[in-house]
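K.L.:
Okay, sequence plus prediction incoming.
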Amino acid sequence: MDNIGRRMVEIAEATVGSMSAKEVHEKKEAGEQIVILDVREPDEWEKGVIEGAVLLSRGRIEGRLEELVPDKDALIVAH
């Protein structure tokens with residue numbers, strides 16, 4: 001990976017949180033508002049889906065995010 005690409009990954013890792021599947025499950029079970037966005041391609045989606053996930057391929061996130069996640073306080077989990 002070139003220096004620019006490596007730096008972009010470092011910035012993303014420092015600013016975007018992460019959580020385990022167990023943590024996501026626990027938050028859902030506790031009733032927390034969570035939106036799971038499956039950012040894979042449709043052919044990958046067809047191979048298996050997390051229950052309740054919404055398919056939103058990476059190239060379409062910007063155009064549909066407000067429509068699919070109207071609650072600005074919702075926790076968004078990208079898979």
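P.N.:
That came in fine, so what should we check first? Numbers count the residues shown, from 1 in each chain.
K.L.:
Report the contact partners of Gln33.
P.N.:
Asp71, Asp73, Ala74, Leu75 (Cβ atoms under 8 Å, 6 or more residues apart in numbering). The way it works is simple: take the backbone N, C-alpha and C, and place the C-beta from them, glycine included.
K.L.:
how far away is it from Met8?
P.N.:
Shown here: Gln33 relative to Met8, a distance of 29 Å by Cβ to Cβ, to the nearest Å.
K.L.:
Got the phi and psi for Arg40?
P.N.:
When read as degrees, to the nearest 10, the backbone of Arg40 gives phi -80, psi 180.
K.L.:
for it, what are its contacts?
P.N.:
Arg40 neighbours (Cβ under 8 Å, 6+ apart): Leu55, Ser57, His79.
K.L.:
show me the contacts for the second one.
P.N.:
It stands for Ser57. Per Cβ under 8 Å, 6+ apart, neighbours of Ser57: Val39, Arg40, Glu41, Pro42.
K.L.:
can you pull the pLDDT of the third one?
P.N.:
According to the model's per-residue confidence, Glu41 sits at a pLDDT of 90.
K.L.:
Repeat that for the one 3 residues further on.
P.N.:
For Glu44, the model assigns a pLDDT of 92.
K.L.:
Could you do Met1 as well?
P.N.:
On the pLDDT scale, Met1 gets 51.
K.L.:
Return the distance of Glu44 relative to Ala14.
P.N.:
27 Å.
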